[in-house]
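Asks: turn this into a model:
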Amino acid sequence: MKITILGTRGEIKPSAPYHARYSGVLIDDCLLFDLGQKEFLTYNPSHIFITHLHPDHAFFVRDAQKFPHISFPIFAPEEFKGVSLLSKEYAVGPYKITPVPTMHSLKVKSQGYIIQKGTQKIFYSGDMFWIEKKHWRKLKNLDLVITEASFVREGGAIRRSKDTDNVSAPYGHAGVPNLIRFFKQFASTIVFMHFGSWFYELGAQKSQAKLIKIGRENEVKVIVGYDGKVIDL
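Replies: Next comes the predicted model:
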């Protein structure tokens, strides 16, 4: 599989060369995962799979009038204008796409996607802080994980909100160390993208070194994504 990282910026104001576009990952020039920028449509994907309906992953959610007029399918964890629900395995030519529910937001549902082509198997998570154990079996024997780096600190930013029944519900982002320790049981290589403010404040070069160091300490190979980076499995 050829993996092209189209965008690596989270929903923040800071920007930098090669880290300016919002989330998007293109597989073999035909399957697009997340649509953070309208310009990603110029790649003419045959299908789009959105992890969750936040604007840095689906540019059109703040203004439904911006929804693109396209003929190919767009899937997400929930329905939206022109977007269909995908909750089970889906076949696209030689690819098998398996949605995996993730924990991230209180207001919108979220899920990552296992993309399998022949013997190759990768997982793209979008934003998350946890995946329930009942889904872990789907993640076995991954060649690669692509996930977020909104927070580099231990613990990330996980908050709790009480609903009408006074039940505490968590939401937010895991920290990079937490994500590495979680995903290392499924894959030996992790690609980070969707960077938070810390990445821009520290600077791209130092941030890259920091991420690689955390990976090395956990015996995981870390690849730091940038806008336009291509990875060939």
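Asks: where in this protein is pLDDT low?
Replies: 162-167 (pLDDT under 70).
Asks: and the most centrally placed residue in it, what element?
Replies: Nearest to the geometric centre of the chain sits residue 126, at 2.0 Å (CA atoms, centre = their mean). For residue 126, there is no host helix or strand (DSSP states H and E).
Asks: leaving out the residues flanking it, which one is nearest to it?
Replies: Closest residue in space to residue 126, ignoring its immediate chain neighbours: residue 51 at 2.8 Å, by CB to CB, 6 or more residues apart in numbering. C-betas here are computed from N, CA, C, even on glycine.
Asks: in contact with that neighbour, which residues?
Replies: Going by CB atoms under 8 Å, 6 or more residues apart in numbering, residue 51 touches 23, 33-34, 57, 76-77, 102, 110-113, 124-127.
Asks: going by distance to residue 181, which of the residues you listed wins?
Replies: Distances from residue 181 to these, taken as CB to CB, are shortest for residue 125 (14.5 Å).
Asks: three-state assignment of the closest residue to the closest one other than its chain neighbours?
Replies: Excluding the flanking residues, the one nearest residue 125 by CB to CB, 6+ apart is residue 112, at 3.8 Å. Here residue 112 is strand, with the state taken from DSSP: H, G, I helix; E, B strand; the rest coil.
Asks: wait, residue 112 touches residue 122, no?
Replies: No: using CB atoms under 8 Å, residue 112 is not in contact with residue 122, being 10.3 Å away.
Asks: for residue 214, see how far away the residue nearest to residue 126 is.
Replies: According to CB to CB, to the nearest Å, residue 51 and residue 214 sit 23 Å apart.
Asks: got it, and residue 53?
Replies: Residue 53 sits 30 Å away from residue 214 when distances are taken as CB to CB.
Asks: OK, contacts around the residue nearest to residue 172 when sequence neighbours are not counted?
Replies: Leaving out its chain neighbours, the residue that sits closest to residue 172 by CB to CB, 6+ apart is residue 158, at 4.1 Å. Counting by CB under 8 Å, 6+ apart, residue 158 touches 129, 170, 171, 172, 173, 174.
Asks: neighbour-wise, which one of those leads?
Replies: Each of those was scored for neighbours by other CB atoms under 10 Å, and residue 174 scores highest at 27 neighbours.
Asks: return the set of residues that bridge with residue 193.
Replies: Assessed by DSSP bridges, residue 193 has beta-bridge partners residue 148.
Asks: so what's it up against?
Replies: For residue 193, the contact set (CB under 8 Å, 6+ apart) comprises 5, 7, 8, 23, 25, 146, 147, 148, 149, 225.
Asks: the residue nearest to residue 172 and residue 107: what is the separation?
Replies: Going from residue 158 to residue 107 by CB to CB gives 16 Å.
Asks: next: residue 21.
Replies: Distance of residue 21 to residue 107, given as CB to CB: 24 Å.
Asks: likewise residue 74?
Replies: In this view, residue 74 and residue 107 are 20 Å apart by CB to CB.
Asks: more neighbours: those two, which one.
Replies: Using other CB under 10 Å, the more surrounded residue of residue 74 and residue 107 is residue 74, with 21 against 9.
Asks: my guess is that one meets residue 85, correct?
Replies: No: Residue 74 is beyond contact range of residue 85, at 10.8 Å (criterion: CB under 8 Å).
Asks: re earlier: more crowded one of residue 112 and residue 122?
Replies: Counted by other CB under 10 Å, residue 112 and residue 122 do not tie: residue 112 has more neighbours, with 29 against 23.
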